[in-house]
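In: Test case, fold it:
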Amino acid sequence: MMGPGPQALMASKFLKHLRPSTLKDQRGPGPPEEPPETAELVDDPDMAVRLSGTLSLSEDSLGSDTSDGTEGRLLEEPNAHPLLTQQLKEMWAHSHEHGVPIRLTFEVTEANIVRDIHAKYVMYTIYLLHSGQYDPSPAFVTCRYSDLERLRKSLRSHYPEQMNNVSFPRKRLHKNFTAETIAKRSRAFEQFLCHVSSVPTLRYSPQFLGFFYLSDMQKAQQLTCTGLYNLALPKLTNCWRLQEKLCPTWASTHRLIVLAGLVVCHQELDTLAEAQAYSEQAVALLQESQEQNMTFLIPFLQAHIQLSWRVGRDKMASEAALLKLKEAGHSTSNAPTLKEILIKETIN
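Out: Residues are numbered from 1 along each chain as shown. Just a heads-up that it's a prediction; the model follows:
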């Protein structure tokens with residue numbers, strides 16, 4: 001595999017330049033640097049910690065465009081693990097020392113220039129990470145500028161007051177594929193998402209949540225229903241990690257559908273310990289919720305009992321819960337299986 005070309009390396013330098021440290025430099029101010037573009041980021045040492053997102057792009061010429069159809073990749077640091085960049089290390093240290101209530105951060109780790117039959121565009125990979133500690137289960141989303149722009153328009157339509165001061169990079173008629181433009185947009189997208197996620201009304205909105213996992217949920221459902229469990233499983237796993245980071249802790253229908261998919265896929269692929277663990281999480285979620293969803297509770301209890309027996313885990317609590325539901329008049333013998341629920345449920 002070929003290494004990154006000159007354009008990708010240049011973009012990497014720009015992206016690194018646009019990510020100011022979240023800690024104040026203890027060595028004193030250095031020589032002033034000329035910014036590569038006017039009206040870029042309203043800089044301030046604590047900008048990333050406050051998650052205030054104020055990046056905008058000017059329409060100045062940024063150099064020659066690339067239009068030869070070749071693919072390019074932007075990597076912040078060619079040899080760096082995306083989960084532990086210097087920026088995140090510093091942010092974690094800073095938040096731990098000063099008690100800053102940061103829970104979620106966004107980082108663009110890759111930007112690929114793609115050209116298909118219909119168009120040429122940049123595909124961004126954005127990782128979601130819990131800040132303040134090492135995150136062993138990162139989640140990511142891939143999207144284009146147009147995807148994020150649709151998200152912004154949808155949020156502005158439904159929540160105009162909360163979105164009033166949220167900045168977003170402007171469209172450009174030319175030079176969308178230069179390293180500098182890609183790097184600046186990467187930084188802008190990070191701050192845009194951080195800003196939106198810091199406002200509870202926006203973060204828990206169906207528009208914001210759906211942007212991250214709804215499409216993959218629908219694809220995973222199709223794959224599961226056609227028996228392609230090995231292809232559905234990675235999508236479902238990433239969906240679950242996204243939901244763990246973004247969603248409230250209650251047993252929403254979307255969370256339960258993803259858990260049902262994970263149980264079914266692991267069971268069909270004969271990874272029974274994982275299937276049992278996910279069924280146990282689902283039962284706990286449902287039993288902790290104020291309004292128990294019987295459509296899901298009974299099938300998850302039945303799956304948990306069967307899987308616990310097969311892997312040699314305790315199933316007495318689930319058996320007692322199922323018996324209690326039966327005594328309360330709920331039908332347990334004709335309940336649909338998790339796979340049947342996945343086939344019938346409409347995801348929207």
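In: How much space separates the residue nearest to residue 295 when sequence neighbours are not counted from residue 325?
Out: Ranked by Cβ to Cβ, 6 or more residues apart in numbering and with sequence neighbours excluded, the top spatial neighbour of residue 295 is residue 341, at 7.1 Å. Backbone N, C-alpha and C define where each C-beta goes, glycine included. Residue 341 sits 17 Å away from residue 325, going by Cβ to Cβ, to the nearest Å.
In: again with residue 200
Out: Distance from residue 200 to residue 325, counting by Cβ to Cβ: 34 Å.
In: Please identify which of these two sits among more neighbours.
Out: Using other Cβ atoms under 10 Å as the criterion, residue 200 and residue 325 rank with residue 325 on top: 18 against 10.
In: Tell me which residues of whichever strand or helix holds that one come out buried.
Out: Using DSSP states H and E, residue 325 sits in helix 316-327. Judged by neighbour count using 16 or more other Cβ atoms under 10 Å, the buried positions of helix 316-327 are 318-319, 321-322, 325.
In: Is residue 169 part of a helix or strand, or is it coil?
Out: Secondary structure, DSSP: H, G, I helix; E, B strand; the rest coil: residue 169 is coil.
In: My error: substitute residue 123 in the last question.
Out: Following three-state DSSP, we place residue 123 in the strand state.
In: so what's it up against?
Out: Residue 123 sits next to 111-112, 114, 142-144 when contact means Cβ atoms under 8 Å, 6 or more residues apart in numbering.
In: Name the nearest of those relative to residue 175.
Out: residue 111 (14.7 Å; Cβ to Cβ).
In: correct me, but that closest one touches residue 122?
Out: Yes. With contact defined as Cβ atoms under 8 Å, residue 111 reaches residue 122; the gap is 5.4 Å.
In: which residues are in contact with both of those two?
Out: 182, 185.
In: ok, the two, which is more surrounded?
Out: Using other Cβ under 10 Å, the more surrounded residue of residue 111 and residue 122 is residue 111, with 26 against 19.
In: Could you give the number of residues near residue 240?
Out: As a burial measure, residue 240 scores 20 neighbours (other Cβ under 10 Å).
In: Skip the chain neighbours and tell me the closest residue to it.
Out: residue 258 (5.1 Å).
In: re the thing from before, is it possible to export the buried residues of helix 316-327 to a markdown table including distance to residue 247 and pLDDT?
Out: Shown next, in a markdown table, are the buried residues of helix 316-327 (distance: Cβ to Cβ, whole Å; pLDDT from 0 to 100):
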| residue | distance to residue 247 | pLDDT |
| --- | --- | --- |
| 318 | 24 | 96 |
| 319 | 29 | 96 |
| 321 | 24 | 94 |
| 322 | 27 | 95 |
| 325 | 26 | 93 |
